[in-house]
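**Student:** quick check, what structure comes out for this input:
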Amino acid sequence: MAILHTTTFCFSLVSSFALIILDRTCSCLQFTYPRFDTPNKADFNFSAGSGISNGSLQITPSTGDISHRSGRVLYARETLKLWNSRRTALTSFRTEFVLNIAPQNETGEGMAFILTNNPALPSNSSRQWLGICNNRTDGDPRNRIVAVEFDTRMSVNETDGNHVGLDINSIRSLDPYPLSNVSLILSSGADVQVSITYNSTEQVLVAILIQIDTAGAHYGSKAWTVDLSQFLLDDMYVGFAGSTGDFTELNQIKSWNFATIDDDITTKRRHGRKVLLPLVAFVLFVMCSFFVFLVWKRSTRKRRLAYRNLEKMIDAHGPVRFQLKELRRATANFSSSRKLGRGGFGTVYHGYLSSMNMEVAVKRVAANNKSNSNRGEQEFVAEVNTISKLSHRNLVKLIGWCHEGGELLVVYEYFPMGSLDKILYGGARPASPSPSPETMTADNKVAELTWERRYKIICGVASALEYLHHGSSSRILHRDVKASNVMLDEEYSARLGDFGLARVIQLDEAVTHHSTQAVAGTRGYMAYECFFTGRASLDTDVYAFGVFVMEVLTGRSPSSSVTYHNHQQEHDHDGPRQPMYIVDWMWRHYGDGTVLEAADAVLGGAYDDAQVERAARLALACCHPSPRERPSMRTAVQVLVGGAPAPEPPFEKPAFVWPPDGKQQEIELPHVGVLFTGGRLSFCSMTSTSITGR
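**Tutor:** The predicted model follows:
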């Protein structure tokens, strides 16, 4: 890190030296800030929430609630003149700055270098508006603003969420330049050195970006033709703007140099430039090359050490260890067009391995975020170590893995059918001759996901969990059973996958759970006791399986509320509405003797009544509030295949009591929307269930 800061300082120092030598004929506007401290605050105009912190300009708020905010920071001591002193030509200028975009909650939305005649921050300019304009003023010539945007999230009408573009009175970029093509990621948390030059004679604006990270140095450049006099008036403010939305980041400027360039130079000055320019360029090249070499040397050493440490943790002998270049080639360099889906700790891409002549699914574990890097490696190691030792017809097969160049990659067999949730909710469909998502109808869905196939899927997932709990050499807790983690083959056989949260406990009766520092799992599938104990157990997997069965049976998402109408169709708007989540909703149907009415309406009654009844009763038993009352997965499999009678859960949902001995007095807490975020447990009130605390 010290070397990186030294490189940045030298880059700024040499650039400033070049500007002073080459452009000392004019100092219309010139300033240099190697870093920013509290005494510098008077030099700038800050919008509400912006400021100076950690030696940087914070363009958007860095503390408190930083979502849905926008901000501007403008140089306040002097304005930039659009025309030179003789008003014979537009002003040329050059500026260098170091920006750093550090994701806090994924990434969004970005920032921009701006020239404007209107210094005030527009109202409602958060989210995709970048503090430049809003939905009412977008494209209005009265905005009087020209910006070079550094976008970190894809908006409407954009094809890339990581680009640099030219904005004129609007946030619609002119000829944006995607930076992912040069492996330059604006929102990686690494410093990006930016140089912007405007040549008024040629009317060309040029932006050059350099990013140095553990993988090396990445360069990108883009030029636009623009006549500033068509959009701006004489006195311009220079500075930065930025915004956040649902997803947040820190938009920071760590250093900033700015100087105007006099184009009316004499022949003597031209001759001096011809002599000095190659010298300055050579010095700059040598210094940058030297420090890039030091950074590369140090990062290579650290990378090798990290590889050795992580490889010691991986105990997988069967799967193939791939090279990064092979997986990049297989996925077209992780092209967005190859993206199959995204989970909590990674994005999955469709790939083709020419060496093995097979299609694969490549999971790219998100380990680049500094705040999540350790956890990302934990998920990677857990996933590779766990699934590499498993062999079952209802589990996704691990092909191989890769840890190289800061990337954590897991390679699985590819399923063209995709995940169950895409078919269950109509978000995606297999390739022709099946119907496309746009033409999918309820009749198509019935034809594709019949009850026989649904029951087969339920039995397959039950068999996979029974194997994990009781059939493998170690007892394995999956901890994230849900429809999106169930893949389907061409025969609609279920394959349970995504073992990023899985944990192994030995086959010792004294150890039946895994303790966690944070509640892990997916809202709607998590058992009540997880939030009181911080433990995952066989019983919590059983609870998630019960919710999964309800999801497949009803075609309803566990994370969204449904409305219960006593003995009425769901679309009937008469009578009182009682919104609740799927477990309470199913229990209400069971208590009223209308379980068959809970079956997915698109089935049109085309199902086996006995199987629906058996699956519903098993699901309710698995979701019993008391973990002691839930069946094991071995019993669940026997029930589904008809080898054991279906459970008989109580007609009214029992109260949740903790500890299970029931000695404490019950208290009423709002229930169902259980959500764990930011280290706090919250309940979204929908229905009321009795819960007893410790």
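
**Student:** excluding chain neighbours, what is closest to the residue nearest the centre of the chain?
**Tutor:** The centroid of the chain falls nearest to E106 when counting by CA atoms, centre = their mean (4.7 Å). Nearest residue to E106, sequence neighbours excluded (CB to CB, 6 or more residues apart in numbering): F247, at 4.1 Å. All C-beta atoms are positioned from the backbone trio N, CA, C, and that covers glycine.

**Student:** quick one: contacts for the one you found?
**Tutor:** Going by CB atoms under 8 Å, 6 or more residues apart in numbering, F247 touches 67, 103, 105-109, 153.

**Student:** looking at these, which are in strands?
**Tutor:** Using DSSP state E, 103, 105 are the members of the contacts of F247 that sit in strands.

**Student:** out of the contacts of F247, which comes closest to Y528?
**Tutor:** Among those, N105 lies closest to Y528 (CB to CB), at 26.6 Å.

**Student:** number of nearby residues for the closest one?
**Tutor:** 15 (other CB atoms under 10 Å).

**Student:** ditto for the one 4 residues further on
**Tutor:** Each residue near E109 was counted by other CB under 10 Å, and the total is 31.

**Student:** would you map the strands across the stretch 501-650 of the chain?
**Tutor:** 503-505, 513-515, 535-537, 562-564, 578-580 (DSSP state E, counting those that start in this stretch).

**Student:** by mean pLDDT, show me the worst of the ones you listed.
**Tutor:** Least confident of those, judged by mean pLDDT, is strand 513-515 with a mean of 47.

**Student:** that older thread, phi, psi of the residue nearest to E106?
**Tutor:** phi -100, psi 140 (degrees, to the nearest 10).

**Student:** would you mind measuring from it to P558?
**Tutor:** 24 Å (CB to CB, to the nearest Å).

**Student:** then D227?
**Tutor:** According to CB to CB, D227 and P558 sit 57 Å apart.

**Student:** so which of the two has more stuff around it?
**Tutor:** P558 (21 against 10).

**Student:** which ones are touching the nearest residue to that one once chain neighbours are set aside?
**Tutor:** Distance criterion CB to CB, 6+ apart; nearest residue to P558, sequence neighbours excluded, is G524 at 3.3 Å. By CB under 8 Å, 6+ apart, the contact set of G524 is 547, 557-559, 581-582.

**Student:** those in helices, which ones?
**Tutor:** 547, 582 (DSSP state H).

**Student:** and the contacts of G524 as a markdown table, adding pLDDT and distance to R86?
**Tutor:** Below are the contacts of G524 laid out as a markdown table (pLDDT from 0 to 100; distance: CB to CB, whole Å):
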| residue | pLDDT | distance to R86 |
| --- | --- | --- |
| V547 | 96 | 75 |
| S557 | 88 | 68 |
| P558 | 88 | 71 |
| S559 | 76 | 66 |
| Y581 | 85 | 73 |
| I582 | 92 | 75 |
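
**Student:** make a ChimeraX selection of the buried ones in the contacts of G524.
**Tutor:** Restricted to buried positions by 16 or more other CB atoms under 10 Å, the ChimeraX selection for these reads:
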select :547,557,558,581,582
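
**Student:** closest to Y177 out of the contacts of G524?
**Tutor:** Using CB to CB, S559 comes nearest to Y177 of the contacts of G524, at 38.0 Å.

**Student:** residues in contact with that closest one?
**Tutor:** Contact analysis of S559 by CB under 8 Å, 6+ apart lists 522-524.

**Student:** ok, now how distant is it from A655?
**Tutor:** Distance, S559 to A655, by CB to CB: 23 Å.

**Student:** could you list the low-pLDDT ranges of the stretch 401-550 of the chain?
**Tutor:** 427-447, 505-521 (pLDDT under 70).

**Student:** how about the helices in it?
**Tutor:** Assigned by DSSP state H, counting those that start in this stretch, the helices in the stretch 401-550 of the chain fall at 420-424, 442-448, 451-466, 530-533, 538-554.

**Student:** and of these, who's closest to S484?
**Tutor:** So among these, helix 420-424 is nearest, using CB to CB, at 4.3 Å.

**Student:** tell me which strands and helices the closest one is in contact with?
**Tutor:** With contacts defined as 3 or more CB pairs under 8 Å, 6 or more residues apart in numbering; DSSP states H and E, helix 420-424 has these neighbours: strand 486-488, helix 538-554.

**Student:** same list, the ones you listed, but as a markdown table with distance to E629 please.
**Tutor:** Output for those, formatted as a markdown table (distance: least, CB to CB, whole Å):
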| stretch | distance to E629 |
| --- | --- |
| strand 486-488 | 26 |
| helix 538-554 | 9 |
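
**Student:** out of those, which comes closest to K325?
**Tutor:** strand 486-488 (27.0 Å).

**Student:** Provide the contact partners of the closest one at residue level.
**Tutor:** Residues contacting strand 486-488 (CB under 8 Å, 6+ apart): 396, 415, 417-421, 423, 457, 461, 494-497, 548.

**Student:** read off the pLDDT value for the nearest residue to T260 once chain neighbours are set aside.
**Tutor:** Distances taken as CB to CB, 6+ apart place C28 nearest to T260, at 4.3 Å, with adjacent residues excluded. On pLDDT, C28 comes in at 76.

**Student:** now do K222
**Tutor:** 92.

**Student:** show me what contacts the residue lying closest to A599 once chain neighbours are set aside?
**Tutor:** Among residues not flanking A599 along the chain, V612 sits closest, at 5.4 Å (CB to CB, 6+ apart). Counting by CB under 8 Å, 6+ apart, V612 touches 451, 553, 595-596, 599.

**Student:** please report phi then psi for E491.
**Tutor:** phi -100, psi 10.

**Student:** typo on my end, N385
**Tutor:** Residue torsions, per degrees, to the nearest 10, at N385 are phi -60, psi -40.

**Student:** picking that back up, distance check, the residue nearest to P558 against R35.
**Tutor:** Counting by CB to CB - G524 and R35 are separated by 47 Å.

**Student:** count of neighbours near L294?
**Tutor:** 14.

**Student:** confirm it sits in a helix?
**Tutor:** Yes - the assignment for L294 is a helix, going by DSSP: H, G, I helix; E, B strand; the rest coil.

**Student:** how about the strands of the stretch 201-350 of the chain, start to end?
**Tutor:** Going by DSSP E, counting those that start in this stretch, the stretch 201-350 of the chain shows strands at 204-213, 216-225, 235-243, 248-261, 320-321, 339-343, 346-353.

**Student:** buried residues in the third one, which are they?
**Tutor:** Meaning strand 235-243. Those would be 236-243, for strand 235-243 by 16+ other CB under 10 Å.

**Student:** what lines up beside it in the sheet?
**Tutor:** Next to strand 235-243 in the sheet, as set by DSSP bridges, lie strand 70-75 (antiparallel), strand 80-81 (antiparallel), strand 110-116 (antiparallel).

**Student:** nice, that's everything, thank you.
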